[in-house]
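Peer 1: pasting the sequence and the predicted coordinates here, then a few questions.
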Amino acid sequence: MKYCLIYNQNSSSGKKLKLVDKIYEKLKVNNNVEYFRTKSEIEAKEIFKNFKDKNYDRLVIAGGDGSVSFAINELIKNDFDFNENFAIGYIPAGTANLLQAELSITKKVNDVCSVLTSNNYKKSNLIKINDNYFFLMAGIGWDAKIVHSIDTRIKKILGKIIFGLKGFQHFLFMNNNKINVSFDGQNHQADWILSSNTKYYAGHYKINETNIFEKKLITYIFKDLTRLKLLYYVIQIILYGNLSRISSVITTYSNHIKIDSNSQNIPVQIDGDNYGNHQQIHIQLSDKKINFLV
């Protein structure tokens, strides 16, 4: 079996390197493994430019959810053929690691290697957002502002703590801009939109009953977001794990969501990473699927 193992060194502190190196040493015993440690997107992009010519059977990403999302998008941009036998493996070495929860894997070396060397995989659908794709979620508005404000160097040191600190800062100084959203003939104005392909959010908190292997896109539309309402939503997530039960949140299962700003660009995050600012956003369930080792 021929593997490509890529470790995004910007996704975590140095202590995760020991985990990745141990897995690499065990993985290469009976397999052909090419191991890359990347420190920049430029380095990673060079790997994916030549990826389809290498005839890899497996791509293993060591990093966070954003590292996996980046890899998937680079493969698509470079016209990689996601054939039936090709699969992506994951080593949780990031901050939130929602994919770890979706795949039900641990951080134990033997357990991870067992998954990576198996032929057990499931197909996950991809959601298209403008010219890119996500496999977990896209946030437009409030949570994207938090993601945009985080320095990746500080995130590498503080981990999840930085999300709490920045979240509290944006909570105190909440300043929302209205966003126009339309789907299935309905039109609304919102302060925050969250499109989810996963059951998890903000760590391993459940917000619905779907998963990345179910062909279902759930979008939550938060109108008139206030500090009090946000606190209420957080409590509901902790107690019940289901945003759909909240009457003040509009829930839609539409496969086509169109979003545009009234006057300025809208901050967007996909899979926990900065996706820039956009005036118009189109989110739709795509026909593209990828195999994840489970």
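Peer 2: Looks like it arrived, so ask away. Numbering: from 1, shown residues only.

Peer 1: any idea which helix or strand carries residue 69?
Peer 2: Using DSSP states H and E, residue 69 sits in helix 65-77.

Peer 1: mind listing what residue 8 touches?
Peer 2: Applying CB atoms under 8 Å, 6 or more residues apart in numbering to residue 8 gives the contacts 38, 44, 61-64, 67, 70, 93-94. For the C-beta atoms, the positions are set from N, CA and C on the backbone; glycine is no exception.

Peer 1: show me where the stretch 151-294 of the chain has its strands.
Peer 2: Secondary structure of the stretch 151-294 of the chain (DSSP state E, counting those that start in this stretch): strands located at 179-183, 186-190, 192-196, 200-201, 205-206, 218-222, 249-252, 256-261, 266-270, 273-278, 280-293.

Peer 1: CA-only coordinates of the first one in PDB, if you can.
Peer 2: If I follow you right, that is strand 179-183. Taking C-alpha atoms only, strand 179-183 is exported to PDB below (Å, rounded to 0.1, in the frame of the first residue of the first chain):
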ATOM      1  CA  ILE A 179     -27.300  39.300   5.600                       C
ATOM      2  CA  ASN A 180     -29.800  38.400   3.000                       C
ATOM      3  CA  VAL A 181     -30.500  34.700   2.600                       C
ATOM      4  CA  SER A 182     -32.900  32.900   0.200                       C
ATOM      5  CA  PHE A 183     -33.900  29.300  -0.200                       C
END
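
Peer 1: in that strand, what counts as buried?
Peer 2: For strand 179-183, burial by neighbour count (16 or more other CB atoms under 10 Å) applies to 179, 181, 183.

Peer 1: may I have the strands that pair with it, each with its orientation?
Peer 2: Here strand 179-183 has these sheet partners by DSSP bridges: strand 186-190 (antiparallel), strand 256-261 (antiparallel).

Peer 1: among these, which is nearest residue 21?
Peer 2: In terms of CB to CB, the element of the strands paired with strand 179-183 nearest to residue 21 is strand 256-261, at 41.8 Å.

Peer 1: residue 80: which element?
Peer 2: Under the criterion DSSP H and E, no helix or strand holds residue 80.

Peer 1: okay, the closest residue to residue 200 other than its chain neighbours: pLDDT?
Peer 2: Excluding the flanking residues, the one nearest residue 200 by CB to CB, 6 or more residues apart in numbering is residue 98, at 4.6 Å. Looking at residue 98, its pLDDT is 94.

Peer 1: sorry, back to before: what's the closest of the strands paired with strand 179-183 to residue 198?
Peer 2: Closest to residue 198 of the strands paired with strand 179-183, according to CB to CB: strand 256-261, at 16.3 Å.

Peer 1: now the closest one: mean pLDDT?
Peer 2: 95.

Peer 1: same deal with stretch 107-125?
Peer 2: Stretch 107-125 comes out at a mean pLDDT of 95.

Peer 1: what's the answer for stretch 230-241, then?
Peer 2: Stretch 230-241 comes out at a mean pLDDT of 94.

Peer 1: buried sites along it?
Peer 2: Result for stretch 230-241 [16+ other CB under 10 Å]: buried residues 230, 233, 236-237, 241.
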